[in-house]
Each structure stands twice: as structure tokens, then as C-alpha cells.
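need a structure here:
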Amino acid sequence: MKKLRGNNCICTTLALAAAFCGVNLLTLQQAAGASTPTTIWSFTGAGGDGQYPSGPVAFDANGAMYGTTELGGTSSSGTVFRLVPPAVAGGAWTESVLYSFAGGSDGRQPSTGVVFDSTGALYGTTYDGGTINNYGTVFQLTPPAVAGGTWTHNLIYTFQGVYDGQNPGAVVFRNGLLYGTTPAGGPASPPCNRIGCGTVFQLAPPTKNSGSWTKTVLYSFPGNVTDGRSPNVDIVFDNNGALYGTTPAGGTFNYGTVFQLTPPAKANRSWTYKVLHNFTGGSDGGYPIGGLVVGANGALYGTASYSGVANDSGTAFQLTPPAGAGGAWTYSVIHTFAGGNDGATPASTPVFDPQGNLYGTTWGGGSAACYTGCGTIFKLAPPSRGSAWTETVLFSWPNNPQSSIVVFSNGLLYGTTFNLGAANVGSAFELAP
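Below is the predicted model:
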């Protein structure tokens, strides 16, 4: 998600949206006819516990949930946590803080979740901190050899700013390599003077046990009138190894873009960059905040936080690949948010369940307890025999949720809230769709 720098700290725009709503509620509000989320953990921010989770969660093979908190821990610089499900249905989940960031060279403010490698090690990023000018880090957490032992933190990269990039987003694995974006860095040219318009990077693991990870900038956004700027934190790969993402700004109309990076046919060659869609800010939407998900049909799905119609409340869209190589992708809107009870300003990277239903969250709309609505969890059911996608608001929040939603194999939705919980510093929830 996009970051804004405040007077004393860096916070996410969802946190600012929650503050703008002026609410500080601890209970959940149920939308008519919808399920109510169950709070499975309330963060306290005390005694070394984390506070303000904002990234999506991940699960291991045993059903334990892993994620990050932006603040809290022993040094108030954020944590990586694990939540273990109860052994008996209806029991309590159990939390462990796997790592507390010290806020120095090891990084500060993890905010984008974690991913696993094939050995069970966790990887993630910190938005700030590091050994060079607080430009952020990429870290590894290695599980203990004996159950109940301490996880080992390894700093695998510190960003250097400018051409190297700064303030990294989420990382993903592809063929043993890590990939991610930075919203700043790259060439310091207009309109991104001094900080750059962002990068897409790759990290290759060391070839020897004592070696270092090798970072390569795959693409630097130049910030020209046809290109995007400041890529969002989430990227995704298709089955052919092409990488896709969104930018909330730039493009022909300055309403953002959807882009593709295709790997080279031969090693040590450049990746090929292509803008698949330039948002116009009209009925197609604009200013995408979340990332993309690849459907079973190879199409891309995402959301745009703004639209020039229906109260400027945003869209959900589909990009269908061309029938032949080199053809144009086909953009279509699958839902236009109307604001009010329908939800407004979709903010998360959407996810699919096994039946092809699409889920996501909005910052606004829904409950009227906030000035523009407190946000929703929504479901989009795919069309049958040429009909339109059908939207259902599953839940209307009393405060803004701050995460992507993850669909787990047991058929429940899981996520985190930046506020709420018993101490109002965040919670983890599950929801039956």
C-alpha cells in the first residue's frame, strides 16, 4: 500500500483514512444479511507484543498464521508474529512474537507481510531502517532446529536509495529468486526529482553458504508522460514467468497504469516493459492502490480506487490477454462501486477462492459511522453464460480494515485490522464468506 510520511513517523494511507473518519470503535458492525468476522487475536502493543498490523497474512502447512506489525515489540519498531490455531474447535489461538525489530541496521516498520521459501524460512521487508540512510531492508527469518527455539534474523539486503531504490514493498518468490518493488529510487529526474519514480528488483540467493544475496534492478520507472510512477507494493507472476503490477500515478492521463515485465529469452538480457492499460479517470477508474491477481483464464484482476462516475467510488476490473502474441490486452470493468452501502475506494489486492469468486476490501462506504463510510469486505461472483459479475457486501466495518484478505484452504477469509481489537491497536480476524 502507499505510504505517507507524517510529522513523527511513516504511516499507511489506510491508517490516515481511519484517523480521518474520527472513530475509535472496538466492536464490529454487521451488514444486513452478512456474516460477522470473528476476532481470533487482539494485539496489545505491551510487553513486547506488536501493534498496528497492516500487511496480508500467510499460512504454513499446519494452519498457523504469520504476519507483521508496523510498531510494537521490544523497541517499538515492529514485529513478525505467528498465530497457532486451537487444537480443539472453539478454543483460543496462541500468539508468538518471532522477531522484534531493533529499529537500526535490522530495519524498522515491517508492513507488507511475509512469504515462505521451500525450507520454511520467512522473508519480508522493512519500509525504513537499515545500514544506509534508513532506506529499508529485506530480511530472512530462519526457523529453529528444535521446536520452541528462537528464530534467527538475517539481513539479506539494505537499500541504498537513489538508483538502487528505497522503501521496499512486498517480496514474492519465483524459481528461488525474490522479486519486489520500491515506490522511490531509480533515476532522479522530473517529475520525481531527488527521489526517483520507483523500481522493480530481483534478489538472487548466495551460491555459497557465506556469500551475499545479489540484487538486480530489473526496471527503473523514468516518470515520463507515458510511463507509470511509484509502483504499488504487490506484484504477481503468471505461469509463463511474466511479472505484473500497478502504479497509482503516471501514465498517459496521470491516473496510473497496469504494467507487465517479461523476462528475457536469454540470461543477462533486459526484461521487457509494457504498459497494458493507462487509466483515464473516467468510467474505467483511476489511481489503483492494490495489486493484481491472475485468474484461471490467465486474465488479470484488480481494483482502481477512483472512478469518474458513481460518486467517484472506484472500480473492479479485468484485463484479458490477447489471442495472439503482440496483440492488445482487453480492459473491462466488472463492477463500479456506488459508494454508500455498496462501498467506495477499493484498497486491497483482491484474491480468488477455489470457486472463482473474487474478494477484496474498500476504505470507504458501508457504515455511516465514518465521514465517508468505514469500509467494507466485498465478494464478486463471476458471471454465468454471459451475465455480469455480481457483488455482495459481506461486511461493513466500524473502522477501516488495513490488509489484503487471504483465502485459506478451510474456506474462511482471514485478515488483519490496523485498529480494533481489545486494545484498539489491531486484530486478526476470520470470516465465513
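
for the residue located most distally from the centre of the chain, helix, strand, or coil?
Note on the chain: the largest C-alpha distance from the chain mean falls to residue 385, namely 32.4 Å (CA atoms, centre = their mean). When classified by DSSP: H, G, I helix; E, B strand; the rest coil, residue 385 comes out as coil.

what separation do you get for it and residue 391?
In this view, residue 385 and residue 391 are 18 Å apart by CB to CB, to the nearest Å. C-beta coordinates here come from the backbone N, C-alpha and C atoms, glycine included.

can you pull out the strands in the stretch 101-250 of the chain?
114-116, 122-126, 137-142, 152-158, 171-174, 177-182, 199-204, 214-220, 228-229, 236-237, 243-247, 249-250 (DSSP state E, counting those that start in this stretch).

for residue 426, which of these is the nearest?
Smallest distance to residue 426 across the strands of the stretch 101-250 of the chain (CB to CB): 16.1 Å, for strand 114-116.

can you give me the end-to-end span of stretch 338-356?
In stretch 338-356, first residue to last residue: 23 Å (CA to CA, to the nearest Å).

ok, now stretch 352-363?
End-to-end distance for stretch 352-363: 20 Å, by CA to CA.

swap in stretch 368-388?
Stretch 368-388 has its terminal residues 28 Å apart, counting by CA to CA.

run through the stretch 251-400 of the chain and note the low-pLDDT ranges.
The model of the stretch 251-400 of the chain has pLDDT under 70 over residues 400.

what about the residue lying closest to residue 202 once chain neighbours are set aside, how many neighbours?
If you skip the residues right next to it in sequence, residue 202 has residue 216 as its closest partner in space, 4.7 Å away by CB to CB, 6 or more residues apart in numbering. Residues within reach of residue 216, counting by other CB atoms under 10 Å, total 13.

before we move on, what about residue 388?
Residue 388: 12 surrounding residues under other CB under 10 Å.

state the distance from it to residue 365.
20 Å.

repeat for residue 309
15 Å.

more neighbours, these two?
Neighbour totals were compared for residue 309 and residue 365, and residue 365 leads with 29 against 14 (other CB under 10 Å).

how far is stretch 130-150 from where the chain is centred?
Offset of stretch 130-150 from its chain centre (CA atoms, centre = their mean, to the nearest Å): 20 Å.

just checking, residue 260 touches residue 277?
No - contact criterion CB atoms under 8 Å: residue 260 and residue 277 do not qualify, at 10.0 Å.

nearest to residue 414, of the strands of the stretch 101-250 of the chain?
Here strand 114-116 is closest among those (CB to CB), at 14.1 Å.

what's that closest one packed up against?
The contact analysis (3 or more CB pairs under 8 Å, 6 or more residues apart in numbering; DSSP states H and E) places strand 114-116 against strand 58-59, strand 65-72, strand 122-126, strand 171-174.

repeat the analysis, applying 10 Å as the threshold.
Packing contacts for strand 114-116, counted by 3 or more CB pairs under 10 Å, 6 or more residues apart in numbering; DSSP states H and E, involve strand 58-59, strand 65-72, strand 79-84, strand 122-126, strand 137-142, strand 171-174.

ok, for residue 176, nearest residue in space, not its chain neighbours?
residue 205 (6.6 Å).

and for that neighbour, the neighbour number?
By other CB under 10 Å, the residues close to residue 205 number 14.

okay, it: pLDDT?
With respect to pLDDT, residue 205 scores 95.

residues touching residue 241, list them.
Applying CB atoms under 10 Å, 6 or more residues apart in numbering to residue 241 gives the contacts 174-175, 261-263.

please consider this matter closed, and thank you.
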